[in-house]
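A.B. asks: need a 3D model of the sequence below.
(one chain, ligands or ions: 2)
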Amino acid sequence: MITAAPARTPEKAVLPLPADRWQAHWRQAIRDPAELLALLGLGAEDLGVSAQALAQFPLRVPRGFVARMRPADPADPLLRQVLPIDAEMQVVPGFSFDAVGDGDARKATGVIQKYRGRALLVATGSCAIHCRYCFRRHFDYAGENAAKGGWQEAIDAIAADAGIDEVILSGGDPLSLATSKLAELTDALAAIPHLKRLRIHSRLPVVLPERVDDSLVQWLAALPWPVAFVIHANHANEFDASVDTALARLRGTGAQLLNQAVLLRGINDDLDSLAALSERSFAAGVLPYYLHQLDRVQGVAHFEVSDEQALALHAGLMARLSGYLVPKLVREIAGDTSKRPL
Ligand SMILES: *Cc1c(COP(=O)(O)O)cnc(C)c1O
Ligand code: SF4
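C.D. replies: Ligands and ions are numbered 1, 2, ... in the order given. This is a model prediction of the structure:
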């Protein structure tokens, strides 16, 4: 049957992007604490939200991550990772601005080398989410990322040192770069004969799983080295079906998936949370790698867990879980030759 064409509705000036375009999800991230709390049915009064902390390190959280928070729960472990609060403004002795010695380990613009064989490339300063505990909240992103220098200085430094066999793409979050940019970088790295492995540290598969799109998967699958892909999840609630899908696609490229978490007071500093994190990670195809003691930077003291409690939690995990589900409990000490086991 032929029907009359329906009356055309006027076209919108800007067409919405298809739902699977990760850049659209990125741009739609929440930046206003009031909006975040309203979405969760929480009032700002009792939460200690701080305009000063917000000004120091802006709020940023993708909507898909917010959807995994429990409504009306001021103690939600995902909310607590992103909400700027008064406690961040306390000046606590022993907490500094460059707690892990990044300034001293700089090898070239955007290249940090602390350990034998591994060069860390600060590929970009951007992140899809701003984690309040982040040791890089004070880092000079604007000047110190390799993308800004057009990669060349970074690539030259890596090419000139035959002792480097692994490049770690880090940041910021390296996957905040367009896949074409990442491909430009790895094409240049592929010409360096002494590289044997590529490692990627990214929180995006967890906080913005839409990032794991076809072009990213194709890029990863075609890389000339074995790839270790380290995700950052601190709590089992960070996983949902969309994250499982993203991780399955990453595994499909042949990458080895690992998780590193930070031990955070009020978020995952209990045995049940840590055990659930390991079990949930493994269910998604990810092996636990590190559980980090917090880096002692200004503004994060309220997240710190004592070494005594950290060791007790780690012993508890060993008594409860299969050995391969127990992450290594470590801390970073400036000047050490590796992460230091507690
Ligand atoms: C943590 C870190 C690494 C990686 O250390 P692994 O123990 O191999 O995971 C490499 N370079 C820098 C600068 C680091 O901070
Ligand atoms: S570098 Fe990692 S921990 Fe820090 S804000 Fe970005 S995603 Fe969060």
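A.B. asks: same for the least confident helix or strand in the chain by mean pLDDT, what does it pack against?
C.D. replies: In the chain, the helix or strand scored least confidently by mean pLDDT, DSSP states H and E is strand 106-108, which has a mean of 86. Here strand 106-108 touches helix 152-159, going by 3 or more Cβ pairs under 8 Å, 6 or more residues apart in numbering; DSSP states H and E. All C-beta atoms are positioned from the backbone trio N, CA, C, and that covers glycine.
A.B. asks: got the contact list for the residue positioned nearest the centre of the chain?
C.D. replies: Geometric centre of the chain, nearest residue: Arg203, 2.8 Å, by Cα atoms, centre = their mean. Counting by Cβ atoms under 8 Å, 6 or more residues apart in numbering, Arg203 touches 127-129, 131, 173, 231-233.
A.B. asks: list the buried residues of whichever strand or helix holds Asp272.
C.D. replies: Following DSSP states H and E, one finds Asp272 within helix 271-283. Buried residues in helix 271-283, counted by 16 or more other Cβ atoms under 10 Å: 271, 273-282.
A.B. asks: alpha carbons only: can I get it in PDB?
C.D. replies: Output of helix 271-283 as PDB, limited to C-alpha atoms (Å, rounded to 0.1, in the frame of the first residue of the first chain):
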ATOM      1  CA  LEU A 271      37.400  -7.700  53.100                       C
ATOM      2  CA  ASP A 272      34.000  -8.200  51.500                       C
ATOM      3  CA  SER A 273      34.500  -5.300  49.100                       C
ATOM      4  CA  LEU A 274      38.000  -6.400  48.100                       C
ATOM      5  CA  ALA A 275      37.000 -10.000  47.600                       C
ATOM      6  CA  ALA A 276      34.000  -9.000  45.500                       C
ATOM      7  CA  LEU A 277      36.300  -6.700  43.400                       C
ATOM      8  CA  SER A 278      38.600  -9.600  42.600                       C
ATOM      9  CA  GLU A 279      35.800 -12.000  41.900                       C
ATOM     10  CA  ARG A 280      33.900  -9.600  39.800                       C
ATOM     11  CA  SER A 281      37.000  -8.600  37.800                       C
ATOM     12  CA  PHE A 282      37.800 -12.200  37.100                       C
ATOM     13  CA  ALA A 283      34.200 -12.900  36.000                       C
END
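A.B. asks: avg pLDDT for that helix?
C.D. replies: Averaging pLDDT along helix 271-283 gives 98.
A.B. asks: not counting stretch 230-241 itself, show me its contacts.
C.D. replies: Under the contact criterion Cβ under 8 Å, 6+ apart, stretch 230-241 has outside partners 65, 67-70, 76-78, 81, 199-203, 205-207, 247, 257-262, 264, 267-268, 273, 276-277, 279-281, 283-284, 286, 289.
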